[in-house]
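Student: Below are the sequence and a predicted model for it; my questions follow.
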2 protein chains.
Amino acid sequence: MTQQVSSTEKSGGTLKDRTLERLQKLILTGDLEPGAKLLETQLSAQLDVSRATLREAMVQLSEIGLLVYLPFRGTFLRKLDPVDLDEIYSFRTGLEKMAFQFCWDKRDLISLADLQMRNNRLCDCITQNDPYGAIMAEMHLHSWCYELSGHTLLLQSWGRLKPNLQFYFAMHQKAHGRGGPLRESHDKYIELANGDSLADMLDHLEDHMQQGLENTMKFLNERSP
Amino acid sequence: MTQQVSSTEKSGGTLKDRTLERLQKLILTGDLEPGAKLLETQLSAQLDVSRATLREAMVQLSEIGLLVYLPFRGTFLRKLDPVDLDEIYSFRTGLEKMAFQFCWDKRDLISLADLQMRNNRLCDCITQNDPYGAIMAEMHLHSWCYELSGHTLLLQSWGRLKPNLQFYFAMHQKAHGRGGPLRESHDKYIELANGDSLADMLDHLEDHMQQGLENTMKFLNERSP
DNA sequence: ATATTTATTATTGTCGACAATCCTACATCA
DNA sequence: TGATGTAGGATTGTCGACAATAATAAATAT
């Protein structure tokens, strides 16, 4: 890696970065309604930062896509939309296929053990009935191939897409009590990631994503006319 | 499309957006040295905007990757680096393959005529010995598949990657007089885009990109020990 | 002379205030 | 009654100033 901004330092760094994370968490926890307008004055008061600082964080979240910025109109939390969800999943599929192509030859016992651990954590969260944790754990599981790929741009791209997925999951979870991933959902995923056929892995990704999409899409349709 | 920010309005909109474009143009014209530190006070004076406004624009350019932000240290123009260039090209290849997959069935006479026109413009710029215009024209040519795909995320992703490519091209052009694309370089690209085989198109993309990468990489190696 | 510590300065981080724009409610007119 | 126009208030856009941090230069000690 040559140029990179860690930016995920735990509560370190600048106030802007901490504000960014807090705001993101606020969104991903489901405290805000989809499509809701974010009032700068109110939010800056609530988060106890100046508007300028808050705005810089909001610019970044708009770039990610979690927020939608309309000049002179305001900044809004993204809406739940079938078309958007479809795009997120199709893009995600292509991205994760790329990631596996790049990481395939870099797999070794250590990294595969790491993958297994991530799956275990996911199963634990499901067992303990911790939906929010399960969502995070599933994202962490899927981050594996991006991290292993060593491809900065891919990782960044996933880093931008991820919060949008989490957002849909969080809304799903908030609406119905159940919404998180199922226990055995990643068994084949893990198995193929440990296997010898990249082609099989890529094929399964299509199915895996399609299944996830349908699951979330079903929830979307249940709440609209 | 459901949620999107045009943001490419010509000289319209907010001062921040105009500042963003002006700063980007400043970079892409080659007025700034790679790795150079961007002094906020100086730049804000030069562009005749406040630091707060400039900073919002810089946050956005950092998100794109043109600028590298280091807390309390400053914001720097990205460096020329073989590893980075390699990543840009490999990511671009995967992205454009996705774009062609999505747009393939949407092609019709009108859009293909549009593609032809973009290539003509590129050839014109080369003929008239307008390197900067040729760079922009080539980017516009490659934007075709993303626009036709109708995939917002894909288009956004390309919109973020594009300036980084343009940056490398601009540096190439600035160093050697020649650097832009060759006249016939996109003939096969156009031909296959008009053809019936998506697989052939995708295969050619690998070659096409590889060739572009080597061309730019050669220039990079000529200027380092 | 070199290394370490201590001022000094330059630059970035953060803030509160003012200006420009938009939304709303009310008034005016056909 | 409906449409159009017009204040008023609320919200965003932009700015300049102050505080916190890092880079630099000077001074001291070994």
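Tutor: Nice, I can see it. Numbering: from 1, shown residues only, chains lettered A, B, ... in the order given.

Student: Give me the nearest residue to the residue located most distally from the centre of chain A, chain neighbours excluded.
Tutor: Relative to the centre of chain A, the most outlying C-alpha is that of A:Phe72, 29.0 Å out, by C-alpha atoms, centre = their mean. Using C-beta to C-beta, 6 or more residues apart in numbering or on different chains and skipping the chain neighbours, the partner closest in space to A:Phe72 is B:Thr14 (7.5 Å). For every residue, glycine as well, the C-beta is placed using N, CA and C.

Student: next one: A:Leu153
Tutor: For A:Leu153, the spatially nearest residue (C-beta to C-beta, 6+ apart) is B:Phe91, at 4.3 Å.

Student: any idea of the mean pLDDT for the helix or strand harbouring that neighbour?
Tutor: Secondary structure from DSSP states H and E places B:Phe91 in helix B:82-103. Over the span of helix B:82-103, the pLDDT mean works out to 98.

Student: element containing A:Asp121, please.
Tutor: Rather than Asp, residue A:121 is Arg. helix A:109-127.

Student: For the residue nearest the centre of chain A, give its distance to B:Leu112.
Tutor: For chain A, the residue nearest the mean C-alpha position is A:Lys162 (2.3 Å; C-alpha atoms, centre = their mean). Per C-beta to C-beta, to the nearest Å, A:Lys162 is found 36 Å from B:Leu112.

Student: A:Leu47 too?
Tutor: In this structure, A:Leu47 lies at 51 Å from B:Leu112, with C-beta to C-beta as the measure.

Student: what do you get for A:Tyr189?
Tutor: Distance of A:Tyr189 to B:Leu112, given as C-beta to C-beta: 39 Å.

Student: Return the set of buried residues in stretch A:154-173.
Tutor: Taking 16 or more other C-beta atoms under 10 Å in any protein chain shown as the basis for neighbour counts, the residues of stretch A:154-173 that come out buried are A:154-158, A:160-173.

Student: Could the C-alpha coordinates of it be exported in PDB?
Tutor: C-alpha atoms of stretch A:154-173 as PDB (Å, rounded to 0.1, in the frame of the first residue of the first chain):
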ATOM      1  CA  LEU A 154     -11.400  -2.400  -4.000                       C
ATOM      2  CA  LEU A 155     -11.300  -2.100  -0.200                       C
ATOM      3  CA  GLN A 156     -12.200   1.500  -0.400                       C
ATOM      4  CA  SER A 157     -15.100   0.800  -2.700                       C
ATOM      5  CA  TRP A 158     -16.400  -1.900  -0.300                       C
ATOM      6  CA  GLY A 159     -15.900   0.500   2.500                       C
ATOM      7  CA  ARG A 160     -18.300   2.900   0.800                       C
ATOM      8  CA  LEU A 161     -20.800   0.300  -0.200                       C
ATOM      9  CA  LYS A 162     -20.900  -1.400   3.200                       C
ATOM     10  CA  PRO A 163     -22.700   1.200   5.200                       C
ATOM     11  CA  ASN A 164     -25.500   1.300   2.600                       C
ATOM     12  CA  LEU A 165     -26.000  -2.400   3.000                       C
ATOM     13  CA  GLN A 166     -25.900  -2.100   6.800                       C
ATOM     14  CA  PHE A 167     -28.500   0.600   6.500                       C
ATOM     15  CA  TYR A 168     -30.900  -1.700   4.700                       C
ATOM     16  CA  PHE A 169     -30.200  -4.500   7.100                       C
ATOM     17  CA  ALA A 170     -30.800  -2.200  10.000                       C
ATOM     18  CA  MET A 171     -34.100  -1.100   8.600                       C
ATOM     19  CA  HIS A 172     -35.100  -4.600   8.000                       C
ATOM     20  CA  GLN A 173     -34.200  -5.600  11.500                       C
END
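
Student: Look up phi and psi at A:Asp130.
Tutor: The phi and psi torsions at A:Asp130 (degrees, to the nearest 10) take the values phi -120, psi 90.

Student: Hmm, I typed the wrong one, I wanted A:Val68.
Tutor: phi -120, psi 120.

Student: Thank you, goodbye.
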